[in-house]
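1. Need the 3D shape of this:
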Amino acid sequence: TPSTRHKTMEDYDETRAATDTGATQHRRDDIDGLRCLAVAAVVAFHAVDGYEAGFCGVDVFFAISGFVVAASLKRRERTSTKTFLVDFYARRAKRLAPALFLTILATAIGLKLVPLHERDARIAYDAALCALGGASNIFFAVLFTNEKRREARSSTTEPAGYFASWTRNEDEVFLHDAEADPFLHTWSLGVEEQFYLVLPCLFLLAHSERILNDNVAVAVALVACVLSLVCGIVFIVLGEADYAFYLLPSRLWELAAGWLVCELNRDVPERHALKIDLLGAALLACALAVSKPHQYPLPGALPAILGTCCILMNPSGKLNVLLATRPFPEIGRASYGLYLFHWPLLVLLRLGLAHQILATCVALVISLPLTYASFQYVETPARKWAPKRRAAPLFATLFGFGACAIAVSQLRPGDRSSSSSGGYPAEDALPGPPFFGAEFDANAWERINTNVTCGAEAYYASCNVMDKGVPCACSTNCTATTHLPSKAGQGTIPCMRTA
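-> Residues are numbered from 1 along each chain as shown. Below you'll find the predicted structure:
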């Protein structure tokens, strides 16, 4: 009946951010308002130079996701394991896949219209393919870790990617220009999608019919938090900052913290509500003001996660009332699209326009109507789709994945394996990224940039960065080469730009 169909669509609406409180279910507008705060922090982090603390907005998203998805699982009837899992993954597919596929395809096309070095372009397209499969976080962790090792920078405690503290100088010319990768932000979606593979299994284990004690679920969530946090600390101690930042084992504790709050299933007593309210506000303010990349996972992400948990467990707090005030919830419900669109627009327009401030402003302005259009005409219809077959959304997602993967593969620049191609030496035998490209070629020319130490008309190329010599080539006509490593490839150095 129509009323039954409407109820089914409501039950499947994950944007309601509902949670069980006693015998009733109610909408948590404050959680949507918290999403608004999180996406605003991330956008500010990407758009404003010098503001590093905004990266913890992703941590807030993780805690919210763990809470909301766990609450959704608790509301579902477990008639059979197969039906339970199919329903869960169908809801996730309808929620995430349509806007993600649209963003990746549109960005892959847009990437062909802006000037970008061929190796960076190939890595970007490879990242897009990994993002389609929910594995871009693994791709970037391996890519940045390998590049640091090649540059003998593995001891740094800062993750690569958005953070520019270790970006290229004249000795680091083989590094991927991460700020020119419009798919870099998909790493967080990879973490979430991998979490969705783990959570239902842990949930079914903790809520097995053979286990009558509800505290078991709390214990499982708590153990997951502790083990993941320890894993992140171990990565940091071992100098693997990128593994700690990008991979699920070291990020699981943030999502499991939200799950833990959900399993506790109790609101803060009224006599403690104000204290928790102030504590949550102070922790979030601290996280959004002073967090630094090299502080991950402690203390960088901890204030953001604890502050978010305080808000989640205190729905009647004054901060929650503020977050539930319009227009914060409306923005929060559309935050997924805003997160997807803003970074590709920033990257493409910064590459295409000479004036970077103008490019940033235009990107932010364009992202707003795109977010509205996506939420209204892509995400909402997909979420409300209630096919007769439970697995239909999964089959549709697989079809969309295949179509997008083929399109991205066709747009990706091909590899050049020999100098017979007729291109610049810098474009021959380029070292490829992990998973898709060739092995590192020490004789490859790469990243022709200005070397100010050689004079006003100086150029340099790195041919074998493992020699750690400063490869200079000083000439006004770009034909004479000096101070090049012994294994350098032969040929003139192309004049890419002047000093």
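2. mind listing the strands for the chain?
-> All strands of the chain, identified by DSSP state E, fall at 19-21, 24-26, 446-450, 458-462, 472-474.
3. May I have the phi/psi pair for residue 267?
-> Residue 267 adopts backbone torsions of phi -80, psi 160, taken as degrees, to the nearest 10.
4. So that it lines up with my notes, have the first residue be 20 from now on.
-> Taking 20 as the first residue, the last one we looked at is residue 286.
5. Quick check: the gap between it and residue 69.
-> Going from residue 286 to residue 69 by C-beta to C-beta, to the nearest Å gives 39 Å. In short, each C-beta sits where N, CA and C put it, glycine included.
6. Look at the two and report which has more neighbours.
-> More crowded of residue 286 and residue 69, by other C-beta atoms under 10 Å: residue 286, with 16 against 4.
7. Would you check that that one makes contact with residue 335?
-> Yes. Counting by C-beta atoms under 8 Å, residue 286 touches residue 335, with 7.1 Å between them.
8. and residue 150, how many neighbours does it have?
-> So residue 150, with other C-beta under 10 Å, has 28 neighbours.
9. Please name the nearest non-neighbouring residue to it.
-> Nearest non-adjacent residue to residue 150, counting by C-beta to C-beta, 6 or more residues apart in numbering: residue 205, 3.8 Å away.
10. What is the burial count for the one you found?
-> By other C-beta under 10 Å, 30 other residues sit near residue 205.
11. so who does it touch?
-> Counting by C-beta atoms under 8 Å, 6 or more residues apart in numbering, residue 205 makes contact with 119, 123, 146, 150, 155, 156.
12. list the contacts for the first one?
-> Translated: residue 119. Contacts of residue 119 (C-beta under 8 Å, 6+ apart): 150, 151, 205, 208, 359.
13. same thing but at 6 Å, please
-> Shown in contact with residue 119 (C-beta atoms under 6 Å, 6 or more residues apart in numbering): no residues.
14. Just the pLDDT at it, thanks.
-> With respect to pLDDT, residue 119 scores 95.
15. Can you give me the distance of it to residue 68?
-> Going from residue 119 to residue 68 by C-beta to C-beta gives 28 Å.
16. same check, this time on the fifth one
-> Summarising the geometry, the distance separating residue 155 from residue 68, computed by C-beta to C-beta, is 24 Å.
17. now do residue 136
-> Using C-beta to C-beta, one gets 22 Å for the distance from residue 136 to residue 68.
18. Look at those two and report which has more neighbours.
-> Neighbour count, other C-beta under 10 Å: between residue 136 and residue 68, residue 136 has more, with 18 against 9.
19. can you count the residues close to residue 165?
-> Residue 165 has 17 neighbouring residues, counting by other C-beta under 10 Å.
20. same question, residue 324
-> If you count neighbours by other C-beta under 10 Å, residue 324 ends up with 26.
21. List the contacts of it.
-> By C-beta under 6 Å, 6+ apart, the contact set of residue 324 is 78, 82, 273, 276.
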